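Asker: Structure for the following, please:
(one chain, ligands or ions: 1)
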Amino acid sequence: MKYYSTNRQAPEVTLSEAVIKGLAPDKGLYMPERINTLPKSFFDHIEDLSLQEIAFEVAKAFFGEDIPADDLKNIVYDTLQFEIPLVKVNDRIYSLELYHGPTCAFKDVGARFMARLLSYFVKQHPSNKGNVHVLVATSGDTGSAVANGFLGVPGIDVTVLYPKDKVSLIQEKQFTTLGRNITALEVEGVFDDCQRLVKEAFMDQDLNNKFFLTSANSINVARFLPQAFYYFHAYAQLKKQNPEAAKNMVICVPSGNFGNICAGIFGAKMGLPVKRFIASNNANDIFFQYLQTGHYNPRATQATLANAMDVGDPSNFARIVNLYGGGQQKAEKITPEEAHEAIISEISGATYNDEQIKAAMLLSLGKDGYVCDPHGACGYQALTYGLKPGEAGIFLETAHPAKFKDTVEAIIGQEVKIPATLQKFMDGEKKSLPMTNSFEEFKLFLLNHL
Ligand SMILES: *Cc1c(COP(=O)(O)O)cnc(C)c1O
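Answerer: Here you go, the predicted structure:
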């Protein structure tokens, strides 16, 4: 399968090139040239299949031409070493709990899959530069998902750069206590300094001559496509629990960069019977405004309680427009107005400010006895007020409430228990190396340590 760039100004590439490059040279996002549909027989019996079995079928549709079935099966099964249960919240609303992985958030799925896929490619085509080095700048959550996703994966090292004193204790512990193939650098500066150091490293000739450097950005096809797996698993569970409800399934996705919902839309294009999607925003309502007006106006990011959704210019917007036939599509190019029409026919929006997020958390606890994290709360609220008669709604509970323990406890006035997976990090010993924000020093470090 070939991958094209959403900007259409770069050559098509193979899967391995798309994974290793991440972003296309024309700054576009890679997209698979085709979306294979799954047969009716798969959906007829999907409720009898396990998460891994479902994921393997979906993975074959994306990657089956490029990776032998046995290898792909290993990658998929090894990625999904945890459950993704669909929990009934009330008569009409279900929560897809994506927080049972190592860092208690949905990004574990994509990060673990990408790590294993990259490792597979490195084994197939060993580089004369030795290990692949993943450099990642983080303001908190990306670092933990990537570091844990790549932990112990052969042939790959990860260096995480994070701003000193600017990430929460639990976030810091999630990438500084791992050791093995993960190194954490505590940078004297802010997130933008970390990002600049990483970007300069990718452009530096000396470093690139000597090392095989790559990013594990969330826009990478190997991180976002596997997120389609759990949409099928959600449907399978709903069908098993309530076959009638499964006929009118609405999926609500708390969205920031729009990678997660984009994977769901791929699922729908593969035949998953989703009646419609709801994209729920916090106060960063750029997509919501687009749905209302047809105009996409990126803005500066505003800090909110659901901070993993604080995105003022969602990168995957280009992918969504592309999926609905807009943008620089190869075959038939449709007008922006036509693309907007197509998008609003299948996706509606919602937006909640911090006060409304708090109200949603109190409502889900008070009415249904279910504790939402601030992100999932945006999903719960959009279903509570947006479901039409006869519809059943699933919202993606994107992170465990204990990841935002202080915030959540202050709002709901009740203790939130820390799951064992998070407690294990808290008990670990922090190991990080200090770094200034000077590129020369960072480069010297890489030359001496990689
Ligand atoms: C990353 C993240 C989101 C937003 O997902 P996108 O794919 O960027 O839309 C929502 N909730 C949590 C907890 C996240 O970590």
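Asker: can you pull out the strands in the stretch 201-350 of the chain?
Answerer: Under the criterion DSSP state E, counting those that start in this stretch, the stretch 201-350 of the chain carries strands at the ranges 212-214, 249-254, 276-281, 347-351.
Asker: Any part of the helix or strand that the last one is followed by near the ligand?
Answerer: The reference is to strand 347-351. Using DSSP states H and E, the helix or strand that follows strand 347-351 towards the C-terminus is helix 354-368. No. Helix 354-368 lies out of reach of the ligand by C-beta under 6 Å from any ligand atom, never closer than 12.1 Å. C-beta: built from backbone N, CA, C; applies to glycine.
Asker: Show me what helix 354-368 is in contact with.
Answerer: Helix 354-368 is contacted by residues 89-90, 93, 282-283, 304-306, 352, 370-372, 374, 377-378, 380-381, 384, 408, 411-412, 414 when judged by C-beta atoms under 8 Å, 6 or more residues apart in numbering.
Asker: Bridge partners for Val132, pull those for me.
Answerer: Ile156, Phe212 (DSSP bridges).
Asker: these two touch, right, it and Ile156?
Answerer: Yes. Judged on C-beta atoms under 8 Å, Val132 makes contact with Ile156 at a distance of 4.9 Å.
Asker: what do the two both touch?
Answerer: 118, 122.
Asker: quick one on the thing from earlier: for the ligand, which of the strands of the stretch 201-350 of the chain is the nearest?
Answerer: Distance to the ligand, taken as C-beta to the nearest ligand atom, is lowest for strand 249-254 among these, at 4.9 Å.
Asker: The closest one near the ligand anywhere?
Answerer: Yes. Using C-beta under 6 Å from any ligand atom, we find that strand 249-254 touches the ligand at Pro254.
Asker: What strand or helix carries the closest residue to Glu83 other than its chain neighbours?
Answerer: Nearest residue to Glu83, sequence neighbours excluded (C-beta to C-beta, 6 or more residues apart in numbering): His100, at 5.1 Å. Under DSSP H and E, no helix or strand contains His100.
Asker: close enough to count as contact, His100 and Pro85?
Answerer: Yes. At 7.4 Å, His100 counts as touching Pro85 under the criterion of C-beta under 8 Å.
Asker: what residues does the protein put near the ligand?
Answerer: Close to the ligand, as judged by C-beta under 6 Å from any ligand atom, the chain has residues 105, 107, 141, 254-260, 308-309, 375, 398-399.
Asker: looking at those, which has the most residues close by?
Answerer: Counting neighbours by other C-beta atoms under 10 Å, Pro254 leads the residues of the chain next to the ligand with 33 neighbours.
Asker: Helix or strand: which one has Ile20?
Answerer: Per DSSP H and E: helix 15-21 holds Ile20.
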